[in-house]
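J.: structure here, sequence nowhere to be found:
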Ligand SMILES: Nc1ncnc2c1ncn2[C@@H]1O[C@H](COP(=O)(O)OS(=O)(=O)O)[C@@H](OP(=O)(O)O)[C@H]1O
Ligand SMILES: Nc1ncnc2c1ncn2[C@@H]1O[C@H](COP(=O)(O)OP(=O)(O)O)[C@@H](O)[C@H]1O
């Protein structure tokens, strides 16, 4: 057996999950990609699990009912757990509107390994961006059960990080990714702890 510790030693990092939650258009995917790039440049291996993308494959049989969203998040959480065991920094980005579904993903991991990041940007900003035109369709009643319009979003209560407007301005993806990088460095996810010795 190759142990998790040995895999982490090989990669010179510790596995964890950075979980982005927030409304559609709040910038989850953009931040996830930016963080992945920063980590890559620093020599760290990460992998993005994007809710929207996974719905084309792993989760293609799921819709947007509360039950289907719960199953969507459960599967993403289980896959994320496998990545953590592989020693990889898993960046998950999904609306994940229900607190209990996010908490269940947290419970799959050891304390400290699940880093919940709330993209706390107002609906008005997300709606203004509307890159896929979905808010417009939801307002017109052509999409039912759209998060933030006629479907709930439950804000995190005790998450690890909140991204929000600063003096009315949205931080750049690089600024936010920089904050996350610092968080990961500070908590020792990106540098091997001294007791991890290279040992083939
Ligand atoms: N009804 C409804 N509500 C919310 N979102 C909808 C809906 N229908 C389609 N979409 C598109 O699906 C993307 C969200 O997928 P997720 O897997 O992240 O959703 S969830 O976590 O299961 O709630 C979301 O993508 P993002 O904009 O990347 O968040 C939307 O583009
Ligand atoms: N920090 C930011 N500042 C300005 N625009 C942003 C920022 N982050 C994302 N965007 C833009 O907002 C839109 C939605 O971003 P996206 O990452 O797709 O959100 P989500 O994955 O939450 O749906 C995109 O057009 C993106 O270019």
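T.: Arrived safely, thanks for sending. Please read these numbers as outputs of a predicted model, since none were measured by experiment. Ligands and ions are numbered 1, 2, ... in the order given.
J.: give me the phi and psi for the residue in the chain that ligand 1 sits nearest to.
T.: Residue nearest to ligand 1 within the chain: residue 51 (2.6 Å; C-beta to the nearest ligand atom). C-beta here means a position set from N, CA and C on the backbone, and glycine is covered the same way. For residue 51, the backbone dihedrals (degrees, to the nearest 10) come out as phi -50, psi -50.
J.: gap between it and residue 29?
T.: Separation of residue 51 from residue 29 (C-beta to C-beta, to the nearest Å): 9 Å.
J.: which residues do the two both contact?
T.: Jointly contacting residue 51 and residue 29 under the rule C-beta atoms under 8 Å, 6 or more residues apart in numbering are residue 93.
J.: what pLDDT, on average, does stretch 191-200 get?
T.: For stretch 191-200, the mean pLDDT works out to 49.
J.: strands along the protein, start to end?
T.: For the chain, strands defined by DSSP state E occupy the ranges 16-21, 46-50, 89-93, 114-119, 161-163.
J.: residue 70 is nearest to which of those?
T.: Minimum separation from residue 70 across the strands of the chain (C-beta to C-beta) falls at strand 16-21, 13.9 Å.
J.: go through the protein and flag its longest helix.
T.: Assignment by DSSP state H gives helix 66-86 as the longest helix of the chain.
J.: quick one, it and strand 16-21 angle?
T.: Orientation of helix 66-86 against strand 16-21 (axes from the mean of the first three to the mean of the last three C-alpha atoms, to 10 degrees) gives an angle of 150 degrees.
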